[in-house]
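A.B. asks: need coordinates for the following:
(chains A and B)
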There are 2 protein chains.
Amino acid sequence: MSEAELEQQPIKLLRTSESESLQKIRHTASHVMAMAVQKLFPKAQVTIGPWTENGFYYDFDHPESFTEKDLKKVRKEMIKIINRKLPVVREEVSREEAKNRIEALGEPYKLEILDSIEEPITIYHLGEQWWDLCAGPHLANTAEIDPKAIALESVAGAYWRGDETKAQLQRIYGTAWETPEQLEEYQRRKAEALKRDHRKLGKELGLFIFADPVGPGLPLWTPKGTILRSQLEDYLKQEQIKRGYLPVVTPHIGKVDLFKTSGHWQKYQEDMFPMMAEDEASAEAEQGFVLKPMNCPFHIQIYQSELRSYKELPIRYAEFGTVYRYEQSGELGGLTRVRGFTVDDSHLFVTPEQLDDEFLKVVDLILSVFKSLQLTNFKARLSFRDPESDKYIGSDEAWNKAENAIRRAVEKMEMNHFEGIGEAAFYGPKLDFIFEDVLGREWQLGTVQVDYNLPERFGLEYVAEDGSRQRPIMIHRAPFGSLERLIGILIEEYAGDFPLWLAPVQVRLLPVRDAHFDYVKEVAAKMQAAGIRAEADTSGERLGKMIRNAEKQKIPVMSVVGDKEVADNTLSIRTRASGELGAIAVTEVISKLTTAIAEHTIF
Amino acid sequence: MSEAELEQQPIKLLRTSESESLQKIRHTASHVMAMAVQKLFPKAQVTIGPWTENGFYYDFDHPESFTEKDLKKVRKEMIKIINRKLPVVREEVSREEAKNRIEALGEPYKLEILDSIEEPITIYHLGEQWWDLCAGPHLANTAEIDPKAIALESVAGAYWRGDETKAQLQRIYGTAWETPEQLEEYQRRKAEALKRDHRKLGKELGLFIFADPVGPGLPLWTPKGTILRSQLEDYLKQEQIKRGYLPVVTPHIGKVDLFKTSGHWQKYQEDMFPMMAEDEASAEAEQGFVLKPMNCPFHIQIYQSELRSYKELPIRYAEFGTVYRYEQSGELGGLTRVRGFTVDDSHLFVTPEQLDDEFLKVVDLILSVFKSLQLTNFKARLSFRDPESDKYIGSDEAWNKAENAIRRAVEKMEMNHFEGIGEAAFYGPKLDFIFEDVLGREWQLGTVQVDYNLPERFGLEYVAEDGSRQRPIMIHRAPFGSLERLIGILIEEYAGDFPLWLAPVQVRLLPVRDAHFDYVKEVAAKMQAAGIRAEADTSGERLGKMIRNAEKQKIPVMSVVGDKEVADNTLSIRTRASGELGAIAVTEVISKLTTAIAEHTIF
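C.D. replies: I've put the predicted structure just below:
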């Protein structure tokens, strides 16, 4: 995504909850739709019809299924209603009066709804021919809806009250915007999001799978997806080694006691997998093992295994640590919300004097990682605690010190930032990097946290220059955040078109005829020996088919090989990034590829 | 360990269970010891006195603690008894008679022992002055013990019947051999084993820790130990990529159902960690997650995620997969028996036609790995099922086919091998590589398994050339076996003296004076940039201390840097492998080191 392309998207699309105007438009549009449906299909009974973040829906009880064609008719009817400029009028009625009017209509669902709502009972009228129970708010007149800014999207099944044992309804989804341009942009983004959906692309490109027998939210990485993971890991490992990080490896489980000391058991238990206990007595006594939801308590154990001197600090332990969190299965989706994921985790143990400098160095690393991944559109969130909540551990003093350290850092770096109250980790405040993707969606990526609390709880110490025992401060940090989520986001951001260095297959060689098989195999072997992920397509398919396959797999570099290339010892190169590059000597191709891969550039 | 050194150890030391002669010697020696103790310490009462695999012990009830000096006296007394050439005579007596004689002696422990043994009741006499209840066997005469082949080793506390609530006893450990040479070799090996103990060296070299709050058998890898792990992993990954293996990554947990399909739940459950279930109802219904004890069911899921063609086979999935097994805590010891460990696991899915060839290729890889690690002393065990046991899954036909495939391979390779009946995995037979270390101890390292059963249980298929659906065969294999155990063994085998390519710190530069700090830092940075793990010692300690520290840390290459080296841009090199090499230009040192590291040779 180039700068130029980003500039072509000035249209900001707000979510309904962010805009009172959109709330009214969408709520009113849903009523208009319901009126249109009942006009066209007199047997249809309406039930509920709320707004959603991007539009609205209404659930209908109707004996026949609504078709695509029906939706078109409904939309036409909606435009007629809009053009009739019907006033939208709020009326407050007694429960008795509401009941009488509903009974007159003969709509039993409305009666049930009436039973479940509280006073004041309000009715919204569209002109004089249609009304529904509704709390509002609404536009003043249907004419305020731009008929070119509405669309009906789909029909899906739904149960009355979301209860499978009750009547099956039909839900019609629609959307409505302030302007036709907004609608167009929304539809473009929606189509693009569908095309870029990492679950779809992940399947097409063969990157990962989910398997029912393993369980929801637990991705299994295929060979191609594993290349993505290891490229990202290797890249960050190198960056970290340069910056004095020390890799460590720790178990995925620990005794419950460990997490009591850290406070996870008290404050984070509902996000953890159930305990593994030998028997009921052990379970009652909370003696057992748990899967780790975070790596910090383990890195602390390594820190604590020796008496540390101020000379050793800062100590920066780093681990690609796979953690497990017990998300509700309804919340799981592709790679962006999973139950097992790998954090590019690190814990720094620093003296108070080192805190500011180390914090800035961490931020610097995170920014350089984002740059290398071409993730340019982000802002920093100061995720502080909500002082009213009891979900945190530690003293006010510790929290203030930690929050101030973060504030100092963003001010010093003059970073684009905002505060997120209540977004802190339970043990300390965070600086989170919120990335906005090409479709305007926001994702949390890297994070840095300042923590005075776990050092206190674990009684961490170091011997200061004057011989006294002092308490270190911990910095928790993860530039990627979760490797799984990062890859999900990258798939969508790149639309599966991975940069050369990340691409699971970097080069595919396509022989025009079987006679060229030996040559492509030989060249592929040379490339592999040079560390390039090259493949020879010896499927024997027709050239057109081979080219289409390579394109479908979004392989960055392909080369068609015929008599001329074999004779000249060249390759005709065609890249996704730069198009046709013509015939180039094999040795030159290999050397240029090697450089481009090492430098994260294009061929 | 050079070939020459290995040849200097021709003395084979058998374990007691392997030699009837040693059984008799040790058993008789234990009686001689008990007689000697009772002679010298008339208040001492004897309890039990069995042989152990390397010697024997006897437990005594005695009011005063035995000292080192006492042991010397006991040994002298034992020699006297031996020299008296006392006949060892077996006598069968009635329970009544035994009871009478014990009561005459006034030894209540013997009465308890009498109550717990079955007929025939036998007594062994040493001459006419001493006897004990004993089932034998024994030598015919104390003179058959070589007084120069016995030693008393230590005294430790023990409880009567191993029960903490009962009387505390004193256990005297001794050993006895056929010849003084055997004793000497045993004592040499014991001292050497103590020096090489990986738990001791692991601590001294700072490679790994165990932490009580995490739990027993769950090592945490410090930065230095993590280097060992990653060097081994990277090395094997490269070898595997060359051989067409495909790395994958899978979760550490899966639903119970997955392990029911695989048969682990039925046949392997007692080795697994307890289930994680949301609540009691789920637990009862066996709906929950379990930590994986093996990686196979996960790799099978990836295989099954697409319809496979014969053209794709063999498929070789590889993963450094961390698995968890619920070993009893009493069985845990250092790295060689742990509860969480990383298997260099791979599963090959092959056609019947490919089986033999792929099996041989796997064996070839394993042998090349052993060679690269300088593990030369091993033999192959054909680990077959015990046909009498019910701990296996699958048909006789499948087992026979699999066992025959393994037999064909070892015969074709003319490998030194033996059969181990009952040593198979529950799903198939194995070819295990048993390594004998420099101390004559045996360790199981790599393994290859042929498996017709899991493909059947999971209903695996591929489309054969004729379009029919066929069942693939699986090969499970792990050259290292467990990364943890391998490292434990390597630490002991190398006595902590890691070859250059594995050493956590490869080079340490020691400046004679502070004035040389800049130079050593600069050279260290150059080495680091070349991928060499180099350190500059800027502790400011005296040179002698710095040298001793480097030696203690067993750093393969050290270099003392003074005025001359700075002036000439050289390094005075001293290596553990080759001694003093004199002054060498910095660039030459770097280039030679780089080559030696890449080629796994010495500097």
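
A.B. asks: residues of the stretch 251-400 of chain A that sit close to chain B?
C.D. replies: A:251-255, A:257-258, A:261, A:273-278, A:288-289, A:291, A:297-298, A:301-302, A:304-306, A:317, A:322, A:324, A:340 (C-beta under 8 Å from any C-beta of the partner chain). From N, CA and C alone the C-beta is placed, and that goes for glycine too.

A.B. asks: just the buried residues from those, in PyMOL please.
C.D. replies: Of these, the buried ones can be selected in PyMOL as follows, counting by 16 or more other C-beta atoms under 10 Å in any protein chain shown:
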select buried, chain A and resi 251+252+253+254+255+257+258+261+273+274+275+276+277+288+289+291+297+298+301+302+304+305+317+322+324+340
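
A.B. asks: tell me which of the residues of the stretch 251-400 of chain A next to chain B fall in helices.
C.D. replies: Within these, residues falling in helices by DSSP state H are A:Asp257, A:Leu258, A:Thr261, A:Pro297, A:Phe298, A:Gln301, A:Ile302, A:Gln304.

A.B. asks: could you dump these to JSON lines with distance to B:Pro42?
C.D. replies: Listed next are those as JSON lines, based on distance: C-beta to C-beta, whole Å:
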{"residue": "A:Asp257", "distance to B:Pro42": "50"}
{"residue": "A:Leu258", "distance to B:Pro42": "53"}
{"residue": "A:Thr261", "distance to B:Pro42": "54"}
{"residue": "A:Pro297", "distance to B:Pro42": "57"}
{"residue": "A:Phe298", "distance to B:Pro42": "57"}
{"residue": "A:Gln301", "distance to B:Pro42": "53"}
{"residue": "A:Ile302", "distance to B:Pro42": "55"}
{"residue": "A:Gln304", "distance to B:Pro42": "52"}
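
A.B. asks: where does pLDDT dip in the stretch 301-450 of chain A?
C.D. replies: Residues of the stretch 301-450 of chain A that meet the criterion pLDDT under 70 lie in A:330.

A.B. asks: and the strands in it?
C.D. replies: A:315-324, A:340-350, A:378-384, A:417-421, A:430-436, A:442-451 (DSSP state E, counting those that start in this stretch).

A.B. asks: helices and strands around the third one, which ones?
C.D. replies: Contact analysis of strand A:378-384 by 3 or more C-beta pairs under 8 Å, 6 or more residues apart in numbering or on different chains; DSSP states H and E lists helix A:396-413, strand A:417-421, strand A:430-436 as its packing neighbours.

A.B. asks: would you mark the buried spots in the second one?
C.D. replies: In this case it means strand A:417-421. A:His417, A:Gly420.

A.B. asks: same check on the longest one?
C.D. replies: Across helix A:396-413, burial judged by 16+ other C-beta under 10 Å covers A:Ala398, A:Trp399, A:Lys401, A:Ala402, A:Glu403, A:Ala405, A:Ile406, A:Arg407, A:Ala409, A:Val410.

A.B. asks: how about the ones in helices among the residues of the stretch 251-400 of chain A next to chain B, which pair is most distant?
C.D. replies: Spatial extent of those (C-beta to C-beta) is set by the pair A:Asp257 and A:Ile302 at 17.3 Å.

A.B. asks: now chain A, which segments are flagged as low pLDDT?
C.D. replies: A:1-10, A:330.

A.B. asks: show me it divided up by domain.
C.D. replies: With domains defined by automatic domain parsing, chain A comprises A:3-196, A:214-252+A:292-494, A:507-599.

A.B. asks: winner for burial among those?
C.D. replies: With neighbours taken as mean count of other C-beta atoms under 10 Å in any protein chain shown, the domains of chain A reach their highest mean count in domain A:214-252+A:292-494, at a mean of 19.

A.B. asks: how far off centre is it?
C.D. replies: Distance, stretch centre to chain centre, for domain A:214-252+A:292-494: 17 Å (C-alpha atoms, centre = their mean, to the nearest Å).

A.B. asks: again with stretch A:279-287
C.D. replies: Using C-alpha atoms, centre = their mean, the offset of stretch A:279-287 from its chain centre is 38 Å.

A.B. asks: name the residues of it that are buried.
C.D. replies: A:Ala283.

A.B. asks: how long is that stretch from one end to the other?
C.D. replies: 9 Å (C-alpha to C-alpha, to the nearest Å).

A.B. asks: which residue packs closest to the residue positioned nearest the centre of chain A, ignoring adjacent ones?
C.D. replies: Centroid-nearest residue in chain A: A:Thr336, 4.3 Å away (criterion: C-alpha atoms, centre = their mean). When the adjacent residues along the chain are set aside, A:Thr336 lies closest to A:Gly488, with 4.7 Å between them (C-beta to C-beta, 6 or more residues apart in numbering or on different chains).

A.B. asks: so that neighbour is in contact with A:Leu335, correct?
C.D. replies: Yes - shown here, A:Gly488 and A:Leu335 form a contact pair, counting by C-beta atoms under 8 Å, at 3.3 Å.

A.B. asks: identify the contacts common to those two.
C.D. replies: The contact sets of A:Gly488 and A:Leu335 overlap at A:His198, A:Gly202 (C-beta atoms under 8 Å, 6 or more residues apart in numbering or on different chains).

A.B. asks: wait, is A:Asp132 part of a helix?
C.D. replies: No - A:Asp132 is assigned strand when assessed by DSSP: H, G, I helix; E, B strand; the rest coil, not a helix.

A.B. asks: so who does it touch?
C.D. replies: Contacts of A:Asp132 (C-beta under 8 Å, 6+ apart): A:His31, A:Ala34, A:Val46, A:Gly49, A:Lys110, A:Ile123, A:Tyr124.

A.B. asks: swap the cut-off to 10 Å and go again
C.D. replies: A:30-31, A:34-35, A:38, A:46-49, A:58, A:102, A:105, A:107, A:110, A:113, A:123-126 (C-beta atoms under 10 Å, 6 or more residues apart in numbering or on different chains).
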